[in-house]
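> Sequence plus predicted model, see below.
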Amino acid sequence: MIKVAVCGANGKMGQEVVKAVNADNETELVAKIDIVNGEFNSIEEAHKSKEIDILVDFTQPKSIYENALYCLNNGINIVIGTTGLKDEQIEELKQLSEKNKVACFIAPNFSTGAVLMMKFAQMAAKYFDNAEIIELHHNQKKDAPSGTAVKTAQLMAEANKSFTTGNCEETETIEGARGANSYDNIHIHSVRMPGYMASQEVLFGSDGQILSIRHDSTNRTCYMPGVMMAVKYAYEHKNFTYGLDNIL
C-alpha cells in the first residue's frame with residue numbers, strides 16, 4: 001500500500017483528495033495535515049509520527065514552496081496541486097528532486113480535459129501568430145494568472161515565438177487593460193467571480209478566422225483521477241515531473 005498524507009486536507013480540494021485516497025485499493029491515508037482543525041498542523045509534525053511515501057499538497061501559494069523544500073530534503077515524495085510557484089522556484093525544486101532522488105510531481109491542472117485543452121492549444125500555436133488566454137475562476141483563488149494559464153502559455157511559446165503579429169502600437173489608458181503580457185507576447189486575462197469554478201479559453205486569430213479552445217470544470221471530482229495517477233507515478237518514479245501531460 002502507498003502511504004499518503006494530504007496537506008490542506010480540510011480545504012475543498014483536500015477533502016476530495018482524502019476521499020479519493022480512501023477509495024483506492026492501492027493507497028492508504030496516513031495523515032490529514034491542515035492548520036485549521038487538522039489531525040496534524042504541519043508536515044514536520046506528521047512526519048515525526050507517521051511513515052509517509054507520498055504527500056499531496058493542496059494548500060496556498062504562500063506555503064507551497066517551503067512545504068516542497070521540507071519534503072524533498074526529508075525523503076518525502078510530493079505531488080503538488082497548489083499553484084503560484086515562480087519559474088525560479090520550480091527550477092530549484094527540480095534540481096533538488098534530481099539531486100536527492102525524491103519525486104516531485106507538479107501539475108498546474110489535474111483534469112484530463114484541461115490537459116488536452118493545453119495540448120490542443122500547443123498544436124494550434126504553430127499555425128496562428130495571434131493568441132490570447134482568458135482564465136476564469138471563483139473569487140477565492142488567490143494567485144493570478146492560474147497555473148493552467150501559465151503552463152498553456154509556456155507550451156504555446158515552445159511552438160511559436162510571437163503572438164502579436166500585425167498589432168498596432170498600443171496605449172493602455174487604464175493600466176492592465178490588456179492583461180498580463182507573458183511568454184512570447186501571449187496576453188493572459190484573469191477573471192475572479194462567484195459562480196465560476198475553473199474555466200479557460202484560448203483564442204487564436206488570423207485574417208478571416210478565429211479558433212477558440214475552451215475547457216470548463218464544474219466540480220472538483222474531475223481532478224481526482226489525475227491526482228491518483230500522479231500519486232502512483234511518483235511512488236514508482238523518483239524524479240521531477242511538471243505537468244500531467246507527461247504521463248498520459
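Here it is on my side, so go on. Numbers count the residues shown, from 1 in each chain.

> For the chain, just list every one of the helices.
12-23, 43-49, 61-73, 87-100, 112-125, 147-159, 224-236 (DSSP state H).

> and the last one, what other elements does it pack with?
Identification of packing neighbours for helix 224-236 by 3 or more CB pairs under 8 Å, 6 or more residues apart in numbering; DSSP states H and E yields strand 2-7, helix 12-23, strand 27-33, strand 54-57, strand 77-80, strand 104-106, helix 112-125, strand 240-242. Glycine gets a C-beta too; all of them are placed from N, C-alpha and C.

> Pull the residues that contact the longest one.
If I follow you right, that is helix 112-125. 109, 131, 148, 151-152, 155-160, 163, 198, 200, 202, 204, 211, 213-215, 217, 222, 225-226, 243-245, 248 (CB atoms under 8 Å, 6 or more residues apart in numbering).

> Can you select the buried ones from the residues you listed in ChimeraX?
Buried subset of the contacts of helix 112-125, written as a ChimeraX selection, criterion 16 or more other CB atoms under 10 Å:
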select :109,131,148,151,152,155,156,157,160,163,198,200,202,204,213,215,217,222,226,243,244,245
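
> mind putting the helices and strands packed on helix 224-236 in TSV, distance to residue 186 and mean neighbour count included?
Formatted as TSV, the helices and strands packed on helix 224-236 follow (distance: least, CB to CB, whole Å; neighbours: other CB atoms under 10 Å):
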stretch	distance to residue 186	mean neighbour count
strand 2-7	32	25
helix 12-23	27	18
strand 27-33	36	21
strand 54-57	28	27
strand 77-80	24	28
strand 104-106	20	26
helix 112-125	9	20
strand 240-242	18	19
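
> Before I go, just wanted to say thanks for your time.
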